[in-house]
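S.K.: Provide a 3D model corresponding to the input given below.
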Amino acid sequence: MKHHALQEIRTRANVNLEYRHALPATRRDRLERWAELLERRGQQALSTLHETEFQPARERAIMRADDSPLSVAFADPVLRAAGLNDDTYGEIKQFFGLSHNQLHKLVCYCHFGATINASVAAHSVRALIAAGDRPGILARLRGMFRDR
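M.R.: Model (predicted):
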């Protein structure tokens with residue numbers, strides 16, 4: 001097998017990495033894209049992950065499931081081009097800037113059973129976006145004391 005430089009391969013293959021839209025740069029943009037992808041799946045049943053809260057952090061980070069909300073995100077070439085490397089729990093958590101608790105509530109078996117409806121998953125992602133727009137409890141407390 002002959003090895004070639006990446007630039008040479010792109011030139012020969014005439015690869016065009018330009019997308020119709022700009023790559024999702026912010027956390028909100030990435031979450032919006034994920035929600036749209038899930039909404040396109042409509043009523044499709046997606047797999048959940050089993051007992052994420054009971055797994056050691058290292059094992060939880062590599063958890064994945066075929067046909068899950070995580071795999072829907074990874075199947076998208078735009079999110080992959082933006083830096084999504086795989087469909088594991090840890091990668092999705094890091095890429096979308098989610099806490100363990102947020103992702104757990106989105107994909108864990110204990111909340112939905114063996115499957116989650118894609119539209120329900122989309123609604124949950126949209127709730128994360130909306131929550132990001134609201135100030136947290138500490139910010140609200142600081143605001144209350146600043147006003148005095």
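S.K.: where along the protein do the helices fall?
M.R.: Using DSSP state H, the helices assigned to the chain run over residues 6-13, 27-40, 57-61, 69-74, 77-81, 89-95, 100-107, 109-112, 118-133, 137-146.
S.K.: average model confidence for the fourth one?
M.R.: The average pLDDT for helix 69-74 rounds to 96.
S.K.: what comes into contact with that helix?
M.R.: By Cβ atoms under 8 Å, 6 or more residues apart in numbering, the surrounding residues in contact with helix 69-74 are 34, 37-38, 41, 46, 49, 64-65, 79-80, 84, 86-89, 92, 95-96, 106-107, 116, 118, 121, 125. (Each C-beta comes from the backbone N, C-alpha and C, glycine too.)
S.K.: Buried deepest among the helices of the chain, which one?
M.R.: Among these, ranked by average contacts under mean count of other Cβ atoms under 10 Å, first place goes to helix 69-74 (a mean of 23).
S.K.: Kindly export it (C-alpha atoms) in CSV.
M.R.: The C-alpha coordinates for helix 69-74 follow below in CSV (Å, rounded to 0.1, in the frame of the first residue of the first chain):
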residue,chain,number,x,y,z
PRO,A,69,-29.7,9.2,20.4
LEU,A,70,-25.9,9.1,20.6
SER,A,71,-25.5,7.3,17.3
VAL,A,72,-27.9,9.7,15.6
ALA,A,73,-25.6,12.5,16.5
PHE,A,74,-22.5,10.6,15.3
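S.K.: hey, which helix or strand in the chain has the poorest pLDDT?
M.R.: When each helix and strand of the chain is scored by mean pLDDT, DSSP states H and E, helix 6-13 comes last, with a mean of 64.
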